[in-house]
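>>> Got a sequence here, can you build the structure:
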Amino acid sequence: MSQPLQVAVQALQRYGREQFEDAAIYNALRNYLLYVGTVPEGAWGELPWSATWRDRWALGLEHRAAEAQLISEHTGEHAAAILKVAADYTDTDQQVALNFDLQNEYVSPFLAAYGGGYTSTGVYKPGTDGGAPYFDSPTVFTRPDNTDEFKKLNAERMAGDSDTLMPCTVSNPAGINFSAGMVGDELDHFVEQYGEDMLCTEYIARQRDYDGALPFTDYILPAWRSLPGLIRNRAELLYPAQHAYTECYDEMKLDIATVRDNWFSPGAALAWFRQANAHLNYLDAISDEVKWLGDQGIAAATLVEGLRNRYAEYGHNRAKDCIELAKAVLDAEADMLGGIGDCKTNPVKALGSALKGFANVLFIELRQKHDAAINLINVDEQRRKEQTDPGTLAHDTHPFPEANPGWANGKDWKPNQSTGPVATN
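Predicted coordinates for the structure are as follows:
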């Protein structure tokens with residue numbers, strides 16, 4: 001084989017090897033996304049939009065994993081086809097060793113679990129189909145939220161429901177551990193300091209025919225049960241996947257240019273070039289989708305953090321007065337003076353008025369956040385009309401572009417005689 005032709009064939013071999021490595025990377029990314037992106041149900045809290053967020057996030061993550069699986073499968077097939085071209089053209093068996101060089105400390109452990117045993121792609125013989133690679137299941141890593149300690153604290157934090165939150169005495173039969181806050185913010189401090197007394201205060205009011213909203217039970221507890229820091233962490237861990245896609249995109253773009261510089265034919269090589277560029281555009285699109293989901297998760301965490309901070313501020317300003325009024329009710333009843341007069345002289349009415357005022361400011365804060373919250377993590381959100389999108393107008397799974405047939409026969413490829421061979425690494 002002449003030196004120019006050898007260099008040209010090396011361009012095909014390099015491209016095929018890189019595509020096989022990328023197929024393994026994308027397969028690892030699928031499992032990385034599902035692993036690091038999974039948010040425990042309780043982390044979303046019990047706010048009016050929490051269930052919607054939970055379902056949308058899970059759906060968005062499922063779509064991003066499906067895209068990683070699609071590009072892994074098609075990239076493996078693409079690699080096998082290009083190595084078949086090299087085998088057909090040279091009429092020589094092709095065997096390409098793999099060398100994973102992904103520089104990504106987050107994704108690399110998942111890649112090692114898949115690619116560690118892959119030293120070659122197999123042998124590709126002229127006139128045969130070598131087939132795409134198969135990847136085994138990855139090593140299982142333990143997330144902090146899967147530990148027994150986390151699960152215990154989470155269960156204590158989530159204990160109780162609307163029927164059991166009202167204690168009959170100052171004790172807490174609902175079993176909520178008010179020291180089990182996992183955020184460490186002012187709302188955690190407020191609940192730990194006032195949780196028992198606020199439950200008792202609301203119970204005293206309910207037992208005396210108060211039928212208004214309960215500031216602690218209806219508003220503060222559902223927000224306290226959220227874990228915005230964990231949501232933010234899961235969202236930020238999606239960005240390494242985007243960076244891995246970008247690294248693969250940059251390398252593939254250079255490899256495509258090298259192959260095209262070394263090969264030219266109006267039929268086969270041109271059809272391959274169009275297919276490779278469609279592949280490249282798909283990679284760019286799904287990288288953007290991973291970033292979109294990460295951005296949405298961070299926006300959701302920020303919104304909940306803001307709500308928690310406001311609730312803590314209102315709680316510290318108003319809870320103590322409500323608790324004192326509840327004690328006044330008990331004192332007045334002990335003196336047989338309860339139930340007489342207006343709010344100024346009737347402790348029961350004064351307590352009800354204070355609870356309503358407290359609940360009202362919390363409701364206003366919640367309502368202000370609602371419109372922004374309900375529009376976050378919206379997988380079905382319509383994109384801008386002018387944006388070109390060959391597969392979808394929403395954030396669901398992008399379909400892989402249709403194959404461009406007619407390029408996988410190496411006998412139809414012709415080396416580029418106009419520019420001469422281009423050196424490969």
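>>> And what about residue 46, helix, strand or coil?
Secondary structure assignment for residue 46 (DSSP: H, G, I helix; E, B strand; the rest coil): coil.
>>> ok, the spatially closest residue to it that is not a sequence neighbour - contacts?
Spatially, and ignoring its direct neighbours in sequence, residue 46 is nearest to residue 222 (3.7 Å; Cβ to Cβ, 6 or more residues apart in numbering). Where you see a C-beta, it was placed from the backbone N, CA and C, and this is true even at glycine. Applying Cβ atoms under 8 Å, 6 or more residues apart in numbering, one finds that residue 222 lies in contact with 45-47, 50.
>>> Need the per-residue pLDDT for residue 222.
At residue 222, the model reports a pLDDT of 94.
>>> Just name the shakiest helix or strand of the chain by mean pLDDT.
The weakest-scoring helix or strand in the chain, judged by mean pLDDT, DSSP states H and E, is strand 120-124 (a mean of 56).
>>> How about the secondary structure of residue 39?
coil.
>>> So it sits against residue 234, correct?
Yes - Residue 39 lies in contact with residue 234 (Cβ atoms under 8 Å); the separation is 5.0 Å.
>>> and the protein, what are its domains?
Under the assignment automatic domain parsing, the domains of the chain span 3-144+229-303+382-412, 148-228+305-374.
>>> Run the chain-centre distance for the first one.
Just to be clear, that refers to domain 3-144+229-303+382-412. 17 Å (Cα atoms, centre = their mean, to the nearest Å).
>>> What segments of the stretch 301-425 of the chain are helices?
Under the criterion DSSP state H, counting those that start in this stretch, helices of the stretch 301-425 of the chain are mapped to 347-374.
>>> separation between residue 85 and residue 9?
10 Å (Cβ to Cβ, to the nearest Å).
>>> should've said residue 364
Counting by Cβ to Cβ - residue 364 and residue 9 are separated by 71 Å.
>>> likewise residue 355?
81 Å.
>>> same question, residue 205
From residue 205 to residue 9 the distance is 83 Å (Cβ to Cβ).
>>> which of residue 39 and residue 234 has more neighbours?
residue 234 (25 against 21; other Cβ atoms under 10 Å).
>>> So residue 211: helix, strand or coil?
Recorded secondary structure, residue 211: coil (three-state DSSP).
>>> And it, how far from residue 358?
On the measure of Cβ to Cβ, residue 211 and residue 358 end up 15 Å apart.
>>> Which residues are in contact with residue 75?
Each residue near residue 75 by Cβ under 8 Å, 6+ apart is listed here: 19-20, 22-23, 26, 279.
>>> mind redoing it with 7 Å?
Contact partners of residue 75, counting by Cβ atoms under 7 Å, 6 or more residues apart in numbering, are 19, 22-23, 26.
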